[in-house]
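Asker: Sequence first, predicted model second:
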Amino acid sequence: MDFVDTIGEGALRLAVFAGVFLIMALAEVSAPRRDLGFGRGRRWITNMAIVLIDTLAVRLLFPLAAVGVALWADANGIGLFHLLALPGWFAGLLAFLALDLAIWAQHLAVHKIPILWRIHRVHHADVDFDVTTALRFHPFEIVLSMVWKMVVVVALGAPPLSVFLFEVVLNGMAMFNHANFNIPARLDRILRAVLVTPDMHRVHHSTDIAETDSNYGFNLSIWDRLFRTYVPQPALGHEGMTIGLDDYRTDEPTRLGWSLLLPFGPQNRVRRRREERNAGVQKAGTQKAGSQ
């Protein structure tokens, strides 16, 4: 960690984030995979605002974060890898794989457990799929995710450098596999033998439930293949599939306040009242037409 300490963990992570984001954004403009139905504009402002809130929440609640607890566990000889006295390089490799599996399992859990799905659907409510979708996670989900990662890091005694590298790779890969740029089919097939590609992860953002319940990985594609949650392509094709959630195919998810309040359900009540009002208007119109 000496090099990281010299540069500064936060500064290095920010530099990698900015670089990957810029590359993905330029790729989307130069070779888009799909036309955006709702464009960038307010969507980008909202999604960028959400990641800023997420970052502040994590920094305020967890000053040490995952790398910090890894340093603490390492200094105190805590965790499975310390008990086994594994070589540093081997412990680092196992830690990276274990953390990737842990994030895959977390992603599966937020889809299967109703209260967690209420929070996670903020991510899926995005009406388009591009690099900023990778940033659109409710602050509650980011906080819970950090707690889960910290637990796994301490339990394993994961080497601090491997934790840092995993965090950087996870953020970069999330932006990569949410990016709306076209990768040639042949190259995509080669890449997805190991990595989660945009075409692979886009399937997960389909409004089709069978497709939403698939392709949970962010880094390695092996977990979805191993646990039989892998779906290679959307039934309607990448151009024909619908992105998001059926209940929220309006411009509402492009609004910051609406997105942050989504887990608490006021949107559902507003929607029901609107549907009931519209149904009442239609019924009145039908009755009036029948009386004429």
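Answerer: Received the coordinates, thanks. Numbering: from 1, shown residues only.
Asker: how close does residue 52 sit to residue 15?
Answerer: 17 Å (Cβ to Cβ, to the nearest Å). For glycine as for every other residue, the C-beta is placed from the backbone atoms N, C-alpha and C.
Asker: Not counting its own residues, what contacts stretch 182-190?
Answerer: 31-33, 191, 197-200 (Cβ atoms under 8 Å, 6 or more residues apart in numbering).
Asker: Quick check: which ranges of this protein have low pLDDT?
Answerer: Along the chain, segments meeting pLDDT under 70 span 1-7, 266-292.
Asker: quick one: contacts for the residue most central in space within it?
Answerer: Nearest to the geometric centre of the chain sits residue 134, at 5.0 Å (Cα atoms, centre = their mean). By Cβ under 8 Å, 6+ apart, the contact list for residue 134 reads 174-175, 177-179.
Asker: Output these as CSV; include the columns distance to residue 143 and neighbour count.
Answerer: As requested, those are exported to CSV (distance: Cβ to Cβ, whole Å; neighbours: other Cβ atoms under 10 Å):
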residue, distance to residue 143, neighbour count
174, 17, 21
175, 21, 21
177, 23, 27
178, 21, 25
179, 26, 28
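Asker: Out of the residues you listed, which sit inside strands?
Answerer: For those, not one is inside strands, with DSSP state E as the criterion.
Asker: Which member of these is positioned nearest residue 128?
Answerer: Residue 128 lies nearest to residue 178 out of these, by Cβ to Cβ, at 10.4 Å.
Asker: Could you check how far the closest residue to the closest one other than its chain neighbours is from residue 213?
Answerer: Using Cβ to Cβ, 6 or more residues apart in numbering and skipping residues adjacent in sequence, the residue nearest residue 178 is residue 134, 3.9 Å away. To residue 213, residue 134 is 20 Å away according to Cβ to Cβ.
Asker: now residue 130
Answerer: 22 Å.
Asker: which of the two has more neighbours?
Answerer: Between residue 130 and residue 213, counted using other Cβ atoms under 10 Å, residue 130 has the larger neighbour count: 25 against 15.
Asker: returning to that earlier point: TSV please, covering the contacts of stretch 182-190 and showing neighbour count, secondary structure and distance to residue 42.
Answerer: Shown next, in TSV, are the contacts of stretch 182-190 (neighbours: other Cβ atoms under 10 Å; DSSP: H, G, I helix; E, B strand; the rest coil; distance: Cβ to Cβ, whole Å):
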residue	neighbour count	secondary structure	distance to residue 42
31	12	coil	24
32	14	strand	19
33	18	coil	21
191	18	helix	32
197	22	coil	28
198	25	helix	23
199	21	helix	26
200	22	helix	28
